[in-house]
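> pasting the sequence and the predicted model now:
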Amino acid sequence: MEFGTSQRMSHESIEDRIKRLHANGIVDLHFDLPMDLFEKRDRANVLANEFLPELEAGDIGLLGAAIYIEDRYLAEMGLRVGLDQIARLYAEVQKCERFAICKSFAEIVREREAGKIALLITMEGVEPLGTDLDLLRVFYELGVRSIGLTHARRNAAGHGGVFAASGSPRDGLTAFGRELIRECEALGVIVDLAHINPAGFQEIVDLTTKPLIVSHTNARKYYDVERNISDEQIKLIGARRGVIGVNSVLVSPHKKEATVDRYLDHFEHIINLIGIDCVAVGFDFFEFIYRQWSEEVRRQFHKKYTDFHFVPDLTNHSHARNFTRKLIERGFGDDDIEKILRRNWMRIFEELL
Ligand SMILES: [Zn+2]
């Protein structure tokens with residue numbers, strides 16, 4: 001006797017279903033990997049020893065590896081540290097055959113079929129470029145394929161949104177910022193709206209025509225700071241058929257509400273506004289960096305930004321199944337789960353890279 005699909009499914013355990021849904025890998029478009037590799041540059045095989053086990057445990061198939069320059073290197077060392085972070089990434093990947101740096105959709109597909117974890121180099125804040133538009137081309141040649149103009153601070157391109165419900169600078173991009181955005185679209189670099197202030201966000205929408213992304217953010221409905229995005233901004237991304245990656249760190253201002261359940265609420269809110277094709281994962285796991293800081297550095301970080309709470313069951317890539325399990329418990333179908341875990345980001349790569 002043959003079993004139909006539905007009967008076969010009904011005998012599948014939740015853990016088996018997660019395994020099947022993860023078989024093609026999860027795409028997480030924001031991870032502070034190059035910065036940590038750079039800080040640990042005197043050690044060997046950091047990628048293989050310190051990152052690979054968790055990435056494999058979570059079935060991660062592609063990571064957005066974000067170049068980010070810490071305040072202490074600015075302004076003089078911004079370019080040098082940016083280049084060094086990329087250099088460390090290449091050196092580490094060369095030593096570990098499980099990874100491949102990808103520059104196009106075709107490369108991503110090919111490396112994934114070969115079983116590799118694909119790395120897409122992204123840039124969080126254009127400080128490495130200074131005010132030199134020509135350097136965009138240099139970073140493009142090195143593999144940078146997604147750029148967000150700012151982190152929380154001001155730079156030559158624009159202003160970041162503050163970690164408060166109001167108070168971000170009211171002006172939009174600088175002339176340099178506008179040129180960068182036009183050039184990114186022309187070159188084939190994905191434009192990432194994470195962190196930009198509301199005025200800059202609107203200006204980028206007006207300047208561009210292709211799908212826009214927000215690699216890692218949260219809905220202001222549940223965490224009302226200008227670093228996150230409003231319902232109107234969510235609708236602007238949806239109207240462009242872009243994708244929003246949901247961040248696991250600014251899930252709630254209240255510790256007891258920083259849960260996987262509330263993390264899912266951000267997804268459901270975005271889906272209710274713009275549909276299942278425009279939401280994905282941008283975990284922004286940085287607990288491993290936070291853990292390395294002294295009490296004093298942590299205190300300063302909380303003072304500078306805001307109170308944030310790591311979600312206890314979702315602090316690193318090895319916890320990815322806790323997220324998928326919750327999607328299943330909430331009644332999401334296989335097709336929708338695969339879009340959230342992988343296919344929505346892959347559509348963006350196919351359209352833009
Ligand atoms: Zn960020």
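Sure thing, it's come through.
> so what's the nearest residue to Ile229 once chain neighbours are set aside bridging to?
Nearest in space to Ile229, with sequence neighbours left out and distances taken as CB to CB, 6 or more residues apart in numbering, is Thr217 at 5.2 Å. To be clear about C-beta, it is placed using only N, CA and C from the backbone, and glycine gets the same treatment. Thr217 forms beta bridges with Val246, as assigned by DSSP bridges.
> so for Thr217, what's the pLDDT?
The per-residue pLDDT reported for Thr217 equals 98.
> how about the contacts made by it?
With contact set as CB atoms under 8 Å, 6 or more residues apart in numbering, Thr217 has these partners: 194, 227-229, 244-247, 250, 282.
> tell me which of these is nearest to Glu179?
Within the contacts of Thr217, proximity to Glu179 (CB to CB) peaks at Ala194, which comes in at 20.1 Å.
> hang on, that closest one in a strand?
No: secondary structure assignment (DSSP: H, G, I helix; E, B strand; the rest coil) places Ala194 in coil, not in a strand.
> was I right about it contacting Leu212?
No: checked against CB atoms under 8 Å, the pair Ala194 and Leu212 is beyond contact range at 10.6 Å.
> in terms of neighbours, single out the busier of those two.
Ala194 (30 against 24; other CB atoms under 10 Å).
> list the residues that contact that one.
30, 124, 148, 214-217, 245, 282.
> mind running it again at 6 Å?
Residues touching Ala194, when contacts are defined by CB atoms under 6 Å, 6 or more residues apart in numbering, comprise 148, 214-217.
> in stretch 111-126, which residues are buried?
By neighbour count on 16 or more other CB atoms under 10 Å, the buried set for stretch 111-126 is 111-112, 116-126.
> for stretch 277-289, same thing?
Going by neighbour count (16+ other CB under 10 Å), the buried part of stretch 277-289 is 277-286, 288.
> would JSON lines of the contacts of Ala194 with distance to Leu236 be doable?
What follows is the contacts of Ala194, written out as JSON lines (distance: CB to CB, whole Å):
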{"residue": "Gly148", "distance to Leu236": "16"}
{"residue": "Val214", "distance to Leu236": "10"}
{"residue": "Ser215", "distance to Leu236": "16"}
{"residue": "His216", "distance to Leu236": "17"}
{"residue": "Thr217", "distance to Leu236": "13"}
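> and the residues you listed, which are buried?
Taking 16+ other CB under 10 Å as the criterion, what is buried in those is 148, 214-217.
> check those residues and tell me the two furthest apart.
Distance extremes for the buried ones among the contacts of Ala194: the farthest pair is Gly148 and Thr217 at 10.2 Å, using CB to CB.
> low-confidence ranges in this structure?
For the chain, the stretches with pLDDT under 70 are 1-10.
> how about the strands in it?
26-31, 60-67, 99-101, 117-124, 144-148, 190-192, 213-217, 243-246, 279-281 (DSSP state E).
> okay if I get these as TSV plus distance to Leu74?
Output for these, formatted as TSV (distance: least, CB to CB, whole Å):
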stretch	distance to Leu74
strand 26-31	21
strand 60-67	13
strand 99-101	26
strand 117-124	14
strand 144-148	16
strand 190-192	20
strand 213-217	22
strand 243-246	26
strand 279-281	30
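> for Ile234, which of those is the nearest?
Taking CB to CB as the measure, the strands of the chain were each checked against Ile234, and strand 243-246 came out nearest at 6.6 Å.
> who does the closest one touch, helix- and strand-wise?
When contacts are defined as 3 or more CB pairs under 6 Å, 6 or more residues apart in numbering; DSSP states H and E, strand 243-246 sits against strand 213-217, helix 260-274, strand 279-281.
> same thing but 8 Å
In terms of contacts (3 or more CB pairs under 8 Å, 6 or more residues apart in numbering; DSSP states H and E), strand 243-246 is packed against strand 26-31, strand 213-217, helix 231-239, helix 260-274, strand 279-281, helix 344-352.
> which single one of the buried residues of stretch 111-126 is nearest to Glu56?
Distance to Glu56 across the buried residues of stretch 111-126 (CB to CB) is lowest for Ile117, with 8.1 Å.
> the nearest residue to the closest one once chain neighbours are set aside: neighbouring residues, count only.
The shortest distance from Ile117 to any non-neighbouring residue, by CB to CB, 6+ apart, is to Phe99 (5.1 Å). Neighbour count of Phe99, defined by other CB under 10 Å: 23.
> residues in contact with Phe99?
With CB under 8 Å, 6+ apart as the criterion, the residues that contact Phe99 are 47, 92-93, 116-119.
> could you dump these into a markdown table and include distance to Arg347?
Conversion of the contacts of Phe99 to a markdown table gives the following (distance: CB to CB, whole Å):
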| residue | distance to Arg347 |
| --- | --- |
| Leu47 | 28 |
| Glu92 | 29 |
| Val93 | 25 |
| Lys116 | 21 |
| Ile117 | 20 |
| Ala118 | 15 |
| Leu119 | 19 |
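> okay, now Arg325: neighbour count?
Around Arg325 sit 16 other residues, with neighbours defined as other CB under 10 Å.
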